[in-house]
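Chemist: Turn this into a model:
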Amino acid sequence: MRLGYLVPEFPGQTHIFFWREVLALRAQGVDVRLISTRKPNPITCRHEFVPGAVAETHYLFPSALLAGPRWLLRGFRGFGASMDYLGGLDSAGFKGRLRHYALLMSAVELYRWCAREGIEHVHGHSCANAAHVLAICRRMGGPSYSLTLHGDLDVYGSDHRSKMRDASPVFAVGSHLRRQILEKVGIPADRVHVTCMGVDSSRLSGLGTERPYKAGDLNLLTVARLHPAKGHVHALAAAKRAVDRGVNLRYTIVGDGPHQDAIGARIKELGLESRVTLAGTRSEGDVLRLLSAADAFVLPSTGAGEAWPVSLMEAMGSGLPVISSVIGATPEMIENDVDGLLIAQGDEAGLADAFVRLGQDVDARRRIGERARLTTKQRFDVAVTAAKLREAVESALQSRTP
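Modeler: Take a look at the predicted model:
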(Lines give C-alpha, C1' and ligand atoms only; values in the text may rest on other atoms or scores of the structure.)
Protein backbone atom coordinates (compact mmCIF):
# COMPACT_ATOMS: atom_id res chain seq x y z
CA MET A 1 0.00 0.00 0.00
CA ARG A 2 1.26 3.45 -0.92
CA LEU A 3 -0.13 5.77 1.76
CA GLY A 4 -0.18 9.54 1.82
CA TYR A 5 0.27 10.83 5.37
CA LEU A 6 -0.94 14.40 5.91
CA VAL A 7 0.00 16.44 8.98
CA PRO A 8 -0.63 20.22 8.94
CA GLU A 9 2.48 22.41 9.35
CA PHE A 10 4.77 19.44 9.86
CA PRO A 11 7.06 19.13 11.75
CA GLY A 12 6.06 20.89 14.95
CA GLN A 13 7.56 20.42 18.40
CA THR A 14 4.89 17.89 19.42
CA HIS A 15 5.03 15.93 16.14
CA ILE A 16 7.50 13.27 17.24
CA PHE A 17 4.61 10.83 17.72
CA PHE A 18 3.61 11.24 14.05
CA TRP A 19 7.16 10.41 13.01
CA ARG A 20 7.13 7.31 15.23
CA GLU A 21 3.92 6.15 13.54
CA VAL A 22 5.43 6.72 10.09
CA LEU A 23 8.46 4.59 10.98
CA ALA A 24 6.23 1.85 12.43
CA LEU A 25 4.05 1.78 9.31
CA ARG A 26 7.12 1.54 7.11
CA ALA A 27 8.43 -1.31 9.23
CA GLN A 28 5.12 -3.10 8.52
CA GLY A 29 5.60 -2.76 4.77
CA VAL A 30 3.59 0.40 4.07
CA ASP A 31 5.08 2.86 1.56
CA VAL A 32 4.40 6.12 3.44
CA ARG A 33 4.70 9.46 1.62
CA LEU A 34 4.62 12.60 3.79
CA ILE A 35 2.41 15.59 2.95
CA SER A 36 1.84 18.81 4.83
CA THR A 37 -0.09 22.01 4.32
CA ARG A 38 2.92 24.28 4.67
CA LYS A 39 6.35 24.32 6.28
CA PRO A 40 6.41 25.83 9.79
CA ASN A 41 8.09 29.22 9.84
CA PRO A 42 10.30 29.16 11.72
CA ILE A 43 10.86 25.46 12.34
CA THR A 44 11.15 25.29 16.13
CA CYS A 45 11.01 21.50 16.49
CA ARG A 46 14.29 20.35 18.05
CA HIS A 47 14.04 16.61 17.46
CA GLU A 48 16.70 14.79 15.48
CA PHE A 49 14.29 13.52 12.81
CA VAL A 50 13.42 17.04 11.57
CA PRO A 51 15.96 17.62 8.71
CA GLY A 52 15.21 14.30 7.04
CA ALA A 53 11.46 14.67 7.50
CA VAL A 54 11.42 18.17 6.01
CA ALA A 55 13.44 16.97 3.01
CA GLU A 56 10.94 14.22 2.15
CA THR A 57 7.70 16.11 2.88
CA HIS A 58 5.66 17.56 0.03
CA TYR A 59 4.17 20.91 1.07
CA LEU A 60 0.89 21.88 -0.60
CA PHE A 61 1.67 25.57 -0.17
CA PRO A 62 3.20 27.43 -1.96
CA SER A 63 2.91 24.78 -4.71
CA ALA A 64 -0.84 25.44 -4.71
CA LEU A 65 -0.20 28.86 -6.24
CA LEU A 66 0.47 27.09 -9.55
CA ALA A 67 -2.49 24.76 -9.19
CA GLY A 68 -4.91 26.94 -11.19
CA PRO A 69 -3.07 26.74 -14.54
CA ARG A 70 -2.45 23.03 -14.04
CA TRP A 71 -6.13 22.49 -13.33
CA LEU A 72 -7.01 24.43 -16.47
CA LEU A 73 -4.86 22.07 -18.53
CA ARG A 74 -6.83 19.17 -17.04
CA GLY A 75 -10.09 20.77 -18.12
CA PHE A 76 -11.09 21.69 -14.55
CA ARG A 77 -11.87 18.07 -13.79
CA GLY A 78 -14.10 17.75 -10.73
CA PHE A 79 -15.08 21.43 -10.78
CA GLY A 80 -18.81 20.79 -10.33
CA ALA A 81 -18.39 18.34 -7.46
CA SER A 82 -15.93 20.71 -5.75
CA MET A 83 -18.31 23.66 -6.04
CA ASP A 84 -21.14 21.55 -4.66
CA TYR A 85 -18.98 20.65 -1.66
CA LEU A 86 -17.88 24.23 -0.98
CA GLY A 87 -21.38 25.56 -1.48
CA GLY A 88 -22.68 23.29 1.23
CA LEU A 89 -20.29 24.52 3.90
CA ASP A 90 -21.38 26.75 6.75
CA SER A 91 -19.26 29.77 5.83
CA ALA A 92 -19.53 32.84 8.03
CA GLY A 93 -19.69 35.89 5.77
CA PHE A 94 -17.58 36.84 2.78
CA LYS A 95 -14.25 36.20 4.51
CA GLY A 96 -15.38 32.76 5.63
CA ARG A 97 -16.42 31.80 2.10
CA LEU A 98 -13.16 33.19 0.74
CA ARG A 99 -11.13 31.06 3.16
CA HIS A 100 -13.04 27.96 2.15
CA TYR A 101 -12.65 28.64 -1.57
CA ALA A 102 -8.92 29.19 -1.03
CA LEU A 103 -8.73 25.52 0.00
CA LEU A 104 -9.68 24.55 -3.53
CA MET A 105 -6.19 25.17 -4.93
CA SER A 106 -4.62 23.08 -2.17
CA ALA A 107 -6.99 20.25 -3.09
CA VAL A 108 -6.00 20.56 -6.76
CA GLU A 109 -2.33 20.40 -5.79
CA LEU A 110 -2.99 17.38 -3.56
CA TYR A 111 -4.81 15.64 -6.43
CA ARG A 112 -1.90 16.32 -8.80
CA TRP A 113 0.70 15.09 -6.32
CA CYS A 114 -1.23 11.93 -5.41
CA ALA A 115 -1.67 11.07 -9.08
CA ARG A 116 2.04 11.58 -9.72
CA GLU A 117 3.10 9.51 -6.71
CA GLY A 118 0.54 6.74 -7.20
CA ILE A 119 -1.06 7.31 -3.79
CA GLU A 120 -3.89 4.86 -3.06
CA HIS A 121 -5.14 6.48 0.16
CA VAL A 122 -4.36 9.53 2.30
CA HIS A 123 -4.59 9.55 6.08
CA GLY A 124 -5.07 12.99 7.57
CA HIS A 125 -4.09 13.77 11.15
CA SER A 126 -6.44 16.75 11.37
CA CYS A 127 -10.15 17.44 11.34
CA ALA A 128 -9.74 21.16 10.65
CA ASN A 129 -9.26 22.74 7.19
CA ALA A 130 -6.89 19.98 6.07
CA ALA A 131 -9.88 17.63 6.24
CA HIS A 132 -11.73 19.89 3.78
CA VAL A 133 -8.76 19.62 1.41
CA LEU A 134 -8.90 15.82 1.57
CA ALA A 135 -12.67 15.78 1.03
CA ILE A 136 -12.50 18.11 -1.99
CA CYS A 137 -9.64 16.12 -3.49
CA ARG A 138 -11.74 12.98 -3.18
CA ARG A 139 -14.67 14.71 -4.91
CA MET A 140 -12.32 15.51 -7.79
CA GLY A 141 -11.64 11.81 -8.23
CA GLY A 142 -8.61 11.67 -5.98
CA PRO A 143 -7.69 8.90 -3.55
CA SER A 144 -9.83 7.75 -0.65
CA TYR A 145 -8.97 9.23 2.72
CA SER A 146 -9.26 8.72 6.45
CA LEU A 147 -9.03 11.06 9.43
CA THR A 148 -7.91 11.09 13.06
CA LEU A 149 -9.67 13.36 15.56
CA HIS A 150 -7.16 14.44 18.21
CA GLY A 151 -9.39 16.62 20.37
CA ASP A 152 -12.89 17.90 20.90
CA LEU A 153 -14.80 18.49 17.67
CA ASP A 154 -15.50 22.13 18.48
CA VAL A 155 -11.76 22.88 18.41
CA TYR A 156 -11.60 21.89 14.74
CA GLY A 157 -14.22 24.24 13.34
CA SER A 158 -17.54 23.22 11.84
CA ASP A 159 -18.94 21.20 8.92
CA HIS A 160 -17.67 17.93 10.32
CA ARG A 161 -20.44 16.01 8.58
CA SER A 162 -19.06 17.25 5.24
CA LYS A 163 -15.47 16.46 6.19
CA MET A 164 -16.23 12.95 7.41
CA ARG A 165 -18.99 11.86 5.03
CA ASP A 166 -16.58 10.19 2.59
CA ALA A 167 -13.82 9.45 5.12
CA SER A 168 -13.21 5.81 5.94
CA PRO A 169 -12.07 4.95 8.48
CA VAL A 170 -12.31 7.73 11.06
CA PHE A 171 -10.18 7.41 14.21
CA ALA A 172 -10.90 9.05 17.54
CA VAL A 173 -8.20 9.46 20.19
CA GLY A 174 -10.34 8.19 23.06
CA SER A 175 -13.86 6.85 23.50
CA HIS A 176 -15.10 10.29 24.57
CA LEU A 177 -14.18 11.65 21.13
CA ARG A 178 -15.78 8.68 19.39
CA ARG A 179 -19.01 9.49 21.21
CA GLN A 180 -18.78 13.08 19.98
CA ILE A 181 -18.43 11.89 16.39
CA LEU A 182 -21.35 9.49 16.63
CA GLU A 183 -23.61 12.02 18.34
CA LYS A 184 -22.70 15.19 16.41
CA VAL A 185 -21.65 13.90 12.99
CA GLY A 186 -23.82 10.83 12.65
CA ILE A 187 -21.61 8.61 10.50
CA PRO A 188 -21.98 4.82 10.91
CA ALA A 189 -20.46 3.45 14.11
CA ASP A 190 -18.51 0.73 12.29
CA ARG A 191 -16.45 3.41 10.53
CA VAL A 192 -15.25 5.05 13.77
CA HIS A 193 -12.38 3.46 15.70
CA VAL A 194 -10.76 4.37 19.02
CA THR A 195 -7.00 4.78 18.82
CA CYS A 196 -4.02 6.60 20.31
CA MET A 197 -0.64 7.78 19.09
CA GLY A 198 1.74 5.06 20.21
CA VAL A 199 5.15 5.24 21.85
CA ASP A 200 8.35 3.23 21.44
CA SER A 201 8.04 1.00 24.48
CA SER A 202 11.29 -0.87 23.72
CA ARG A 203 13.24 2.39 23.90
CA LEU A 204 11.45 3.46 27.06
CA SER A 205 11.93 0.10 28.77
CA GLY A 206 15.59 0.80 29.46
CA LEU A 207 14.89 4.02 31.33
CA GLY A 208 14.89 4.36 35.09
CA THR A 209 16.66 1.07 35.81
CA GLU A 210 18.90 2.82 38.37
CA ARG A 211 16.33 4.94 40.20
CA PRO A 212 17.32 5.20 43.87
CA TYR A 213 13.75 4.93 45.26
CA LYS A 214 14.73 6.87 48.36
CA ALA A 215 11.94 7.32 50.90
CA GLY A 216 11.25 10.94 51.68
CA ASP A 217 12.58 12.27 48.36
CA LEU A 218 10.45 12.89 45.29
CA ASN A 219 11.83 14.07 41.96
CA LEU A 220 8.69 15.18 40.13
CA LEU A 221 8.40 15.88 36.38
CA THR A 222 5.86 17.51 34.04
CA VAL A 223 6.23 17.77 30.26
CA ALA A 224 3.53 20.06 28.85
CA ARG A 225 2.95 23.43 27.23
CA LEU A 226 2.98 26.34 29.65
CA HIS A 227 -0.71 27.03 29.20
CA PRO A 228 -3.40 27.58 31.86
CA ALA A 229 -5.26 24.45 30.71
CA LYS A 230 -2.28 22.27 31.68
CA GLY A 231 -2.86 23.07 35.36
CA HIS A 232 0.72 23.80 36.39
CA VAL A 233 -0.47 26.17 39.12
CA HIS A 234 -2.39 23.33 40.78
CA ALA A 235 0.68 21.09 40.80
CA LEU A 236 2.75 23.93 42.27
CA ALA A 237 0.25 24.53 45.06
CA ALA A 238 0.22 20.80 45.78
CA ALA A 239 4.02 20.70 45.77
CA LYS A 240 4.07 23.43 48.40
CA ARG A 241 1.70 21.40 50.58
CA ALA A 242 3.84 18.29 50.16
CA VAL A 243 6.99 20.17 51.12
CA ASP A 244 5.21 21.53 54.21
CA ARG A 245 4.35 17.93 55.11
CA GLY A 246 8.00 16.90 55.06
CA VAL A 247 8.63 15.65 51.50
CA ASN A 248 12.00 16.61 50.02
CA LEU A 249 10.47 17.47 46.65
CA ARG A 250 12.14 18.66 43.45
CA TYR A 251 9.95 19.59 40.49
CA THR A 252 11.09 19.98 36.85
CA ILE A 253 8.69 21.51 34.32
CA VAL A 254 9.54 21.03 30.63
CA GLY A 255 7.85 23.18 28.00
CA ASP A 256 7.22 26.76 27.03
CA GLY A 257 4.19 28.86 26.25
CA PRO A 258 2.14 31.94 27.06
CA HIS A 259 1.74 31.14 30.75
CA GLN A 260 5.47 31.11 31.54
CA ASP A 261 5.57 34.45 33.36
CA ALA A 262 2.52 33.59 35.45
CA ILE A 263 4.01 30.24 36.42
CA GLY A 264 7.30 31.87 37.32
CA ALA A 265 5.49 34.41 39.49
CA ARG A 266 3.54 31.65 41.25
CA ILE A 267 6.75 29.76 42.02
CA LYS A 268 8.11 32.87 43.76
CA GLU A 269 4.85 33.45 45.66
CA LEU A 270 5.02 29.92 47.03
CA GLY A 271 8.70 30.19 47.92
CA LEU A 272 9.62 27.25 45.68
CA GLU A 273 12.46 28.86 43.71
CA SER A 274 15.03 26.40 45.03
CA ARG A 275 12.81 23.39 44.33
CA VAL A 276 11.21 24.09 40.94
CA THR A 277 13.05 24.29 37.61
CA LEU A 278 11.48 25.70 34.44
CA ALA A 279 13.51 23.76 31.89
CA GLY A 280 12.02 25.22 28.70
CA THR A 281 11.61 23.24 25.48
CA ARG A 282 13.84 20.17 25.30
CA SER A 283 14.75 17.61 22.63
CA GLU A 284 13.43 14.06 22.75
CA GLY A 285 16.77 12.83 24.10
CA ASP A 286 16.69 15.38 26.91
CA VAL A 287 13.14 14.38 27.84
CA LEU A 288 14.11 10.71 27.95
CA ARG A 289 16.99 11.51 30.31
CA LEU A 290 14.65 13.49 32.56
CA LEU A 291 12.15 10.61 32.59
CA SER A 292 14.91 8.22 33.57
CA ALA A 293 15.97 10.42 36.49
CA ALA A 294 12.47 11.24 37.79
CA ASP A 295 10.54 9.48 40.56
CA ALA A 296 7.02 10.40 39.40
CA PHE A 297 5.23 12.25 36.62
CA VAL A 298 2.30 14.63 37.00
CA LEU A 299 -0.16 15.96 34.41
CA PRO A 300 -2.68 18.20 36.23
CA SER A 301 -4.64 19.41 33.17
CA THR A 302 -8.07 21.00 33.48
CA GLY A 303 -10.94 21.75 31.11
CA ALA A 304 -11.78 19.70 28.02
CA GLY A 305 -8.68 20.00 25.86
CA GLU A 306 -6.80 16.77 26.55
CA ALA A 307 -7.43 13.65 24.50
CA TRP A 308 -4.92 10.81 25.03
CA PRO A 309 -1.75 12.48 26.36
CA VAL A 310 1.42 11.10 24.79
CA SER A 311 3.47 12.47 27.68
CA LEU A 312 1.61 10.17 30.08
CA MET A 313 2.29 7.12 27.92
CA GLU A 314 5.98 7.97 27.70
CA ALA A 315 6.20 8.41 31.45
CA MET A 316 4.38 5.13 32.04
CA GLY A 317 6.65 3.35 29.57
CA SER A 318 9.71 4.59 31.45
CA GLY A 319 8.43 2.93 34.63
CA LEU A 320 7.20 6.07 36.38
CA PRO A 321 4.08 6.20 38.53
CA VAL A 322 1.94 8.87 36.88
CA ILE A 323 -0.44 11.25 38.62
CA SER A 324 -3.06 12.59 36.24
CA SER A 325 -6.25 14.57 36.42
CA VAL A 326 -9.39 12.84 35.19
CA ILE A 327 -9.61 14.39 31.74
CA GLY A 328 -10.13 13.21 28.19
CA ALA A 329 -9.17 9.55 27.83
CA THR A 330 -7.06 9.32 31.00
CA PRO A 331 -9.61 7.01 32.71
CA GLU A 332 -9.19 4.66 29.72
CA MET A 333 -5.41 4.84 29.95
CA ILE A 334 -4.98 4.46 33.69
CA GLU A 335 -6.44 2.03 36.20
CA ASN A 336 -6.40 4.01 39.42
CA ASP A 337 -3.88 2.79 42.00
CA VAL A 338 -2.78 0.01 39.63
CA ASP A 339 -0.73 1.65 36.88
CA GLY A 340 -1.23 5.26 37.91
CA LEU A 341 -3.14 7.64 40.14
CA LEU A 342 -6.19 9.61 38.97
CA ILE A 343 -7.10 12.89 40.66
CA ALA A 344 -10.09 15.17 40.11
CA GLN A 345 -9.37 18.28 38.05
CA GLY A 346 -8.07 21.16 40.14
CA ASP A 347 -7.92 19.04 43.32
CA GLU A 348 -4.77 20.46 44.90
CA ALA A 349 -5.30 18.56 48.15
CA GLY A 350 -5.62 15.31 46.18
CA LEU A 351 -2.46 16.05 44.25
CA ALA A 352 -0.61 16.83 47.48
CA ASP A 353 -1.76 13.54 49.01
CA ALA A 354 -0.46 11.70 45.95
CA PHE A 355 2.90 13.50 46.16
CA VAL A 356 3.24 12.68 49.85
CA ARG A 357 2.24 9.06 49.35
CA LEU A 358 4.70 8.45 46.52
CA GLY A 359 7.39 10.40 48.32
CA GLN A 360 7.10 8.26 51.44
CA ASP A 361 5.99 4.86 50.07
CA VAL A 362 8.81 3.49 47.96
CA ASP A 363 7.07 0.14 47.44
CA ALA A 364 3.97 1.82 45.96
CA ARG A 365 6.18 3.95 43.73
CA ARG A 366 7.98 0.90 42.38
CA ARG A 367 4.84 -1.29 42.07
CA ILE A 368 2.77 1.31 40.20
CA GLY A 369 5.67 2.26 37.95
CA GLU A 370 6.43 -1.29 36.87
CA ARG A 371 2.78 -2.01 36.16
CA ALA A 372 2.65 1.19 34.10
CA ARG A 373 5.61 -0.05 32.07
CA LEU A 374 3.78 -3.30 31.33
CA THR A 375 0.58 -1.47 30.34
CA THR A 376 2.54 0.65 27.88
CA LYS A 377 4.13 -2.37 26.23
CA GLN A 378 0.82 -4.21 25.87
CA ARG A 379 -1.48 -1.34 24.87
CA PHE A 380 0.42 1.76 23.81
CA ASP A 381 3.35 0.48 21.74
CA VAL A 382 3.51 2.24 18.37
CA ALA A 383 3.75 -1.08 16.52
CA VAL A 384 0.38 -2.05 18.01
CA THR A 385 -1.32 1.29 17.30
CA ALA A 386 0.14 1.62 13.79
CA ALA A 387 -1.08 -1.88 12.94
CA LYS A 388 -4.62 -0.81 13.86
CA LEU A 389 -4.38 2.09 11.43
CA ARG A 390 -2.91 -0.06 8.68
CA GLU A 391 -5.48 -2.85 9.08
CA ALA A 392 -8.42 -0.45 9.12
CA VAL A 393 -7.21 1.37 5.99
CA GLU A 394 -6.53 -1.90 4.18
CA SER A 395 -10.02 -3.09 5.03
CA ALA A 396 -11.53 0.16 3.76
CA LEU A 397 -9.57 -0.09 0.51
CA GLN A 398 -10.78 -3.63 -0.08
CA SER A 399 -14.42 -2.67 0.39
CA ARG A 400 -14.46 0.80 -1.21
CA THR A 401 -16.58 1.77 -4.18
CA PRO A 402 -15.48 4.26 -6.87
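Chemist: Might you list the low-confidence residue ranges for the stretch 151-300 of the chain?
Modeler: Judged against pLDDT under 70, the stretch 151-300 of the chain has no low-scoring part.
Chemist: just the stretch 1-150 of the chain next, same as before
Modeler: Judged by pLDDT under 70, the stretches of the stretch 1-150 of the chain that qualify are 68, 70-76, 91-92.
Chemist: mind listing the helices for it?
Modeler: Taking DSSP state H, counting those that start in this stretch as the test, the helices found in the stretch 1-150 of the chain are 16-27, 50-56, 60-63, 67-73, 79-87, 93-117, 129-139.
Chemist: list the buried ones in stretch 380-390?
Modeler: The neighbour-count check on stretch 380-390 (16 or more other C-beta atoms under 10 Å) flags 380-383, 385-386, 388-390 as buried. Any C-beta I mention is one placed from the backbone N, CA and C, and that applies to glycine too.
Chemist: Nearest to Asn129 among those residues?
Modeler: Of all the buried residues of stretch 380-390, Asn129 sits closest to Leu389, with 22.0 Å by C-beta to C-beta.
Chemist: what about that closest one, is that helix, strand or coil?
Modeler: Per DSSP: H, G, I helix; E, B strand; the rest coil, the secondary structure class of Leu389 is helix.
Chemist: Look at it and report its pLDDT.
Modeler: In this model, Leu389 is scored at 97, pLDDT.
Chemist: so it makes contact with Met197?
Modeler: No. If you go by C-beta atoms under 8 Å, Leu389 and Met197 don't touch, sitting 10.0 Å apart.
Chemist: joint contacts of those two?
Modeler: Glu21 (C-beta atoms under 8 Å, 6 or more residues apart in numbering).
Chemist: picking that back up, would you turn the buried residues of stretch 380-390 into TSV with distance to Gly257?
Modeler: Shown next, in TSV, are those (distance: C-beta to C-beta, whole Å):
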residue	distance to Gly257
Phe380	25
Asp381	29
Val382	26
Ala383	32
Thr385	27
Ala386	29
Lys388	31
Leu389	30
Arg390	34
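Chemist: can you pull the contacts of Arg365?
Modeler: Counting by C-beta under 8 Å, 6+ apart, Arg365 makes contact with 213, 295-296, 321, 358.
Chemist: What are the boundaries of the helices in the stretch 151-300 of the chain?
Modeler: Listed in chain order, the helices found in the stretch 151-300 of the chain under DSSP H, counting those that start in this stretch are 160-164, 175-180, 201-204, 232-244, 260-269, 284-293.
Chemist: Which elements pack onto the second one?
Modeler: Meaning helix 175-180. Applying 3 or more C-beta pairs under 8 Å, 6 or more residues apart in numbering; DSSP states H and E, we find helix 175-180 packed against strand 192-194.
Chemist: What helices and strands are in contact with the strand it packs on?
Modeler: Partner elements for strand 192-194 (3+ C-beta pairs under 8 Å, 6+ apart): strand 170-172, helix 175-180.
Chemist: now, of the ones you listed, which is deepest in the fold?
Modeler: Compared across these, strand 170-172 shows the largest average neighbour count, a mean of 26 (mean count of other C-beta atoms under 10 Å).
Chemist: rewinding a little: nearest to Thr252, of the helices of the stretch 151-300 of the chain?
Modeler: helix 284-293 (6.2 Å).
Chemist: Please list the outside residues in contact with the closest one.
Modeler: Residues from elsewhere that reach helix 284-293, judged by C-beta under 8 Å, 6+ apart: 16, 47-48, 203-204, 207-208, 211, 219, 221, 223, 252, 254, 279, 282, 297, 314-315, 318, 320.
Chemist: if we can go back for a sec, quick check: of the buried residues of stretch 380-390, which lies closest to Glu56?
Modeler: Using C-beta to C-beta, these come closest to Glu56 at Ala386, 18.1 Å.
Chemist: OK, contacts around the closest residue to that closest one other than its chain neighbours?
Modeler: Leaving aside its sequence neighbours, Ala386 sits nearest to Ala24 (C-beta to C-beta, 6 or more residues apart in numbering; 3.7 Å). Going by C-beta under 8 Å, 6+ apart, Ala24 touches 198, 382-383, 385-387.
Chemist: Relative to Thr385, how far out is Ala24?
Modeler: As judged by C-beta to C-beta, to the nearest Å, Ala24 and Thr385 stand 8 Å apart.
Chemist: Please identify every residue contacting each of the two.
Modeler: Gly198.
Chemist: do you know which of the helices of the stretch 1-150 of the chain lies nearest Arg245?
Modeler: Shortest distance between Arg245 and these, using C-beta to C-beta, is found for helix 16-27: 36.3 Å.
Chemist: thinking His123 is in contact with Glu394, fair?
Modeler: No. The pair His123 / Glu394 is not scored as a contact, 11.8 Å apart, by C-beta under 8 Å.
Chemist: between those two, which one's more packed in?
Modeler: Using other C-beta atoms under 10 Å as the criterion, His123 and Glu394 rank with His123 on top: 26 against 15.
Chemist: Leaving out chain neighbours, which residue sits closest to the more buried one?
Modeler: Going by C-beta to C-beta, 6+ apart, His123 has Ser146 as its nearest residue, at 4.9 Å.
Chemist: And Gly280, by the same measure?
Modeler: Gly280 sits nearest to Asp256 (C-beta to C-beta, 6+ apart), 5.5 Å away.
Chemist: Repeat that for Asp295.
Modeler: Asn219 (4.4 Å).
Chemist: quick one on the thing from earlier: let's have the helices of the stretch 151-300 of the chain in CSV, adding distance to Glu109.
Modeler: Output for the helices of the stretch 151-300 of the chain, formatted as CSV (distance: least, C-beta to C-beta, whole Å):
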stretch, distance to Glu109
helix 160-164, 19
helix 175-180, 29
helix 201-204, 36
helix 232-244, 41
helix 260-269, 38
helix 284-293, 31
